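Chemist: Generate coordinates for the sequence data below:
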Amino acid sequence: MARKALLSDAGTVVVLEHDSRILADNPLGDPSRRKLAVWLPREYDVGARGGLGRRFPVFYDMVGFTGSGIAHLNWKPFSENVAERAARLVREGKMGPAIIVFPDCFTALGGNQYVNSPAIGHYADYLLQEIIPTVDREFRTLASREHRGCFGKSSGGYGAIIHGMKYAKHWGAIADHSGDACFDILYRCDWPNTLNELAKYRRPARKAGAYQPASPAAERALRAGLDDGRVKRFLDAMWKKHKLSTAEGHAIMNVCMAATYDPDPRAPLGFRLPFHPDTGELLEGRWTKWLEHDPVLLVPRYARELRKLSGIYVDCGWRDQYQIHFGSRQLSRALKAARVQHVYEEFDDDHSDIDYRMDVSLPFLYRALKP
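Modeler: Numbers count the residues shown, from 1 in each chain. Coordinates of the predicted model:
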């Protein structure tokens with residue numbers, strides 16, 4: 001395993017290269033050799049030189065869609081990257097020193113939701129079975145769930161709350177910033193825009209005049225959520241581009257969510273669509289598969305696991321352009337109804353560039369996970 005250290009006043013960033021057995025031969029052909037960045041606070045080296053062998057709680061950063069963990073260590077204009085922010089919070093006495101891990105879970109579909117999907121790859125297993133043991137082996141962590149947490153925004157926030165539900169034996173606390181919730185509002189209203197993008201790759205192409213439905217056999221396939229070739233042509237075109245439009249970016253995001261929430265190895269591309277691509281009709285049987293992953297609806301099922309966490313933090317801007325504030329409110333209400341202790345806050349902002357909210361969530365995690 002290769003290792004490179006980057007030193008600064010904000011601590012030390014160590015970049016490892018990890019060969020994943022779990023991601024090998026994933027269906028998208030994404031690389032199984034990944035960079036894994038780890039931030040060590042200044043106190044880590046001070047303790048080592050003093051021979052103290054001090055160990056630290058660990059936070060795992062689940063970045064949002066189209067992101068990669070190491071990107072959270074990039075220079076930011078008029079702001080701080082995550083390492084700089086955490087170092088400042090420690091200096092100011094708002095939290096104690098902790099290790100922060102930045103895994104790379106990017107895919108050819110723009111990212112994933114930190115869950116296992118046979119159409120994308122087993123990224124939950126990758127994190128839990130490979131990354132956590134690697135970090136605990138290579139660094140002086142407090143290697144137990146009571147001192148290990150995860151946080152993220154958007155898709156990363158979704159990953160955090162889902163991991164808190166399904167994998168509480170690995171995590172002690174989670175923080176969810178603007179995480180995907182209430183799919184009926186978040187995704188359902190955006191799919192017509194995606195269908196319009198996919199229609200550009202329909203064959204035969206549309207011509208002016210009366211709408212001609214597909215043949216009976218093709219129509220049955222479309223109503224079963226199967227790709228008639230347009231999704232594959234869309235993806236092939238996107239993978240050749242150097243820049244995606246906003247509409248194309250949203251379309252590939254929804255395709256990624258279909259691969260996440262309704263995978264089917266028997267289907268073309270390994271997943272099914274939730275809408276008829278020509279008429280826009282909701283395919284109830286397919287949409288039901290999506291709703292099985294909606295955190296709002298999952299709370300009753302996983303309430304017992306959620307109660308095992310020592311801290312749950314959720315927040316969202318009340319002007320979120322993806323309407324996630326409505327889902328966040330419903331999530332908080334469901335948690336309260338299930339008697340799951342949590343903190344829910346809203347703030348005057350939208351979905352974009354809200355890393356400053358980590359000034360609240362990182363100290364929260366430290367208080368929940370500290371020795």
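
Chemist: how about the strands of the protein, start to end?
Modeler: For the chain, applying DSSP state E gives strands covering 3-8, 11-19, 33-40, 58-62, 99-102, 116-117, 121-122, 148-153, 173-177, 311-317, 343-347.

Chemist: Any buried residues in the third one, and which?
Modeler: Along strand 33-40, these residues count as buried under the neighbour rule (16 or more other C-beta atoms under 10 Å): 34-40. To be clear about C-beta, it is placed using only N, CA and C from the backbone, and glycine gets the same treatment.

Chemist: returning to that earlier point: Arg188: which of the strands of the chain is closest?
Modeler: For the strands of the chain, proximity to Arg188 was assessed by C-beta to C-beta; strand 311-317 is nearest, at 18.5 Å.

Chemist: Quickly run through the sheet partners of that closest one, with directions.
Modeler: Within its sheet, and counting by DSSP bridges, strand 311-317 is paired with strand 173-177 (parallel), strand 343-347 (parallel).

Chemist: what about that strand, distance to the chain center?
Modeler: Relative to the mean C-alpha coordinate of its chain, strand 311-317 is positioned 15 Å out (C-alpha atoms, centre = their mean, to the nearest Å).

Chemist: and the angle for that strand with strand 148-153?
Modeler: The directions of strand 311-317 and strand 148-153 differ by 10 degrees, with axes from the mean of the first three to the mean of the last three C-alpha atoms, to 10 degrees as the criterion.

Chemist: before we move on, the earlier item: deepest of the strands paired with strand 311-317, which one?
Modeler: Mean neighbour counts were compared across the strands paired with strand 311-317 using mean count of other C-beta atoms under 10 Å; the top stretch is strand 173-177, at a mean of 30.

Chemist: Return the residues in contact with Gly149.
Modeler: With contacts defined as C-beta atoms under 8 Å, 6 or more residues apart in numbering, Gly149 is in contact with 57-60, 171-175, 311, 365, 368-369.

Chemist: Now it: closest residue in space that isn't a chain neighbour?
Modeler: Taking C-beta to C-beta, 6 or more residues apart in numbering as the measure, Gly149 lies nearest to Ala173, with 4.1 Å between them; neighbours along the chain are not counted.

Chemist: Please apply the same query to Phe347.
Modeler: For Phe347, the spatially nearest residue (C-beta to C-beta, 6+ apart) is Gly317, at 5.6 Å.

Chemist: try Phe275
Modeler: What sits nearest to Phe275 in space, not counting adjacent residues and going by C-beta to C-beta, 6+ apart, is Trp191, at 5.1 Å.

Chemist: To what extent is the one you found buried, counted in neighbours?
Modeler: Here the neighbour count serves as a burial measure; for Trp191 (other C-beta atoms under 10 Å) it reads 22.

Chemist: got a list of what it touches?
Modeler: Residues in contact with Trp191 (C-beta under 8 Å, 6+ apart) are 254, 274-275, 280.

Chemist: quick one: contacts for the nearest residue to Ala10 once chain neighbours are set aside?
Modeler: Among residues not flanking Ala10 along the chain, Ala87 sits closest, at 3.9 Å (C-beta to C-beta, 6+ apart). Counting by C-beta under 8 Å, 6+ apart, Ala87 touches 9-11, 41-42.

Chemist: Relative to Gly64, how far out is the spatially closest residue to Arg230 that is not a sequence neighbour?
Modeler: Once flanking residues are discounted, Arg230 sits nearest to Tyr201: 4.3 Å by C-beta to C-beta, 6+ apart. Plainly put, Tyr201 is 26 Å away from Gly64 if you go by C-beta to C-beta, to the nearest Å.

Chemist: in the chain, what secondary structure element scores lowest on mean pLDDT?
Modeler: Taking mean pLDDT, DSSP states H and E as the measure, the helix or strand of the chain with the lowest value is strand 3-8, at a mean of 64.

Chemist: pLDDT of the top helix by length along the chain, averaged?
Modeler: Taking DSSP state H as the assignment, the helix of the chain that covers the most residues is helix 246-261. The average pLDDT within helix 246-261 is 98.

Chemist: still on that earlier bit, you'd agree the residue nearest to Phe347 is up against Tyr356?
Modeler: No. Here Gly317 does not reach Tyr356: they are 11.1 Å apart, not a contact under C-beta atoms under 8 Å.

Chemist: The two - which one has more neighbours?
Modeler: Taking Gly317 and Tyr356 together and counting by other C-beta under 10 Å, Gly317 has the greater number of neighbours (20 against 12).

Chemist: That one and Asp236: what is the separation?
Modeler: According to C-beta to C-beta, Gly317 stands 36 Å off from Asp236.

Chemist: swap in Cys316?
Modeler: Taking C-beta to C-beta as the measure, Cys316 falls 35 Å from Asp236.

Chemist: The two: which is more packed in?
Modeler: Residue environment comparison for Cys316 versus Asp236 gives the larger neighbour count to Cys316, 32 against 10, counting by other C-beta under 10 Å.

Chemist: Skipping its backbone neighbours, what lies nearest that one in space?
Modeler: Sequence neighbours aside, Ser328 is the residue nearest to Cys316 in space, at 3.8 Å (criterion: C-beta to C-beta, 6+ apart).
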